[in-house]
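> Compute the structure for the input listed below.
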Amino acid sequence: MTQVAHTAHETRLEVLKLGELPAMSVVAQRFLQAIDDVDCQIGHLASIIEQDPALLARLIGVANSAYYSPMEPVTTAHDAIFKVLGLNTSKSLVLAIILSGPFDTSRCPAFPLREFWLESVFGATLAQAMVPLLKVESMPAPGTPYLAGLLLKIGMLAMVHVYPQQMTEVMQWACQQVKCDPVKLQQLEEGVLGVNHAEVGAWLVRKWRLPAMIGTVMEHYLDPDYRWSC
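Numbering: from 1, shown residues only. Got it, this is the predicted structure:
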């Protein structure tokens, strides 16, 4: 595999050129304002989502997926939220879609985008389900564990967007040689770009001022010795 002379500092500068949240549609801005409102109702949230066809299609697609297997096909944002996903899960899912929107993965043909999102949804659901099992005094805010699971590998999207050729080699090599072992995948990323997707994701989370817990989860999710304390 080609070794490219990128230091962690150089990669960080390139990634952080993405800067603040990219320019978003009016619909996305309205959604972000709505989720900050503790009194936001399902109907209001659904009406915002239905103004953006692409956002609506993604939400309905997840709600109708084999993973959720609704009794009847879902065709509206309201039904996706009310009947299948729930309010907090829907908020986190749409936020993740908005945040990942500016990243172009099409120039990295080896990147498995569909599998990436399936794994993200599975991980998010598992994270949320494990919350009641935590033996801590202060529980995470509702929806935060789910959002952390969804965004866990968003750093990989950023790396694919900024360095598509190098990440194509990483993905191809990983699938052929290390059977997609996540630890070895991080090592391959570090060998080519000086950093791994967990570090890149944490940079973005802090830049975007998302809950600190999400960045902590990203940085340590493959560290078996890490112990979280709140």
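> Every contact and neighbour count from this point should use C-alpha atoms.
Noted.
> Relative to residue 123, how far out is the residue nearest the centre of the chain?
Taking Cα atoms, centre = their mean, the centroid of the chain lies closest to residue 151, which sits 2.4 Å from it. Applying Cα to Cα, to the nearest Å, the value for residue 151 to residue 123 is 10 Å.
> buried set for the one helix or strand residue 59 maps to?
Per DSSP states H and E, residue 59 falls inside helix 53-63. Buried residues in helix 53-63, counted by 16 or more other Cα atoms under 10 Å: 55, 56, 57, 59, 60, 62, 63.
> of the residues you listed, closest to residue 98?
Nearest to residue 98 among the buried residues of helix 53-63 is residue 55, at 8.1 Å by Cα to Cα.
> ok, now how distant is residue 57 from residue 110?
Taking Cα to Cα as the measure, residue 57 falls 24 Å from residue 110.
> cool, and residue 67?
On the measure of Cα to Cα, residue 67 and residue 110 end up 24 Å apart.
> More neighbours: these two, which one.
Using other Cα atoms under 10 Å, the more surrounded residue of residue 67 and residue 110 is residue 110, with 19 against 11.
> how near is the more buried one to residue 161?
Residue 110 sits 13 Å away from residue 161 when distances are taken as Cα to Cα.
> for residue 93, same thing?
Relative to residue 161, and taking Cα to Cα, residue 93 is found at 21 Å.
> ok now do the residue nearest to the centre of the chain, which residues does it touch?
Shown in contact with residue 151 (Cα atoms under 8 Å, 6 or more residues apart in numbering): 96, 120, 201, 214.
> likewise residue 59?
Neighbour list for residue 59: 77, 80, 90, 93, 94 [criterion: Cα under 8 Å, 6+ apart].
> list the contacts for the third one?
So that's residue 90. Each residue near residue 90 by Cα under 8 Å, 6+ apart is listed here: 59, 81.
> Try it again at 6 Å.
Contacts here follow Cα atoms under 6 Å, 6 or more residues apart in numbering; on that basis residue 90 touches residue 81.
> in what helix or strand does it lie?
For residue 90, the host element (DSSP H and E) is helix 87-100.
> Just the C-alphas of that helix, formatted as CSV.
Output in CSV follows, covering the C-alpha atoms of helix 87-100 (Å, rounded to 0.1, in the frame of the first residue of the first chain):
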residue,chain,number,x,y,z
LEU,A,87,-39.0,11.7,18.9
ASN,A,88,-35.5,11.6,20.4
THR,A,89,-34.3,9.0,17.9
SER,A,90,-35.7,11.0,15.0
LYS,A,91,-34.0,14.2,16.3
SER,A,92,-30.6,12.4,16.5
LEU,A,93,-31.0,10.7,13.2
VAL,A,94,-31.9,13.9,11.3
LEU,A,95,-29.1,15.8,13.0
ALA,A,96,-26.6,13.1,11.9
ILE,A,97,-27.9,13.3,8.3
ILE,A,98,-27.5,17.1,8.3
LEU,A,99,-24.0,16.9,9.8
SER,A,100,-22.9,14.3,7.3
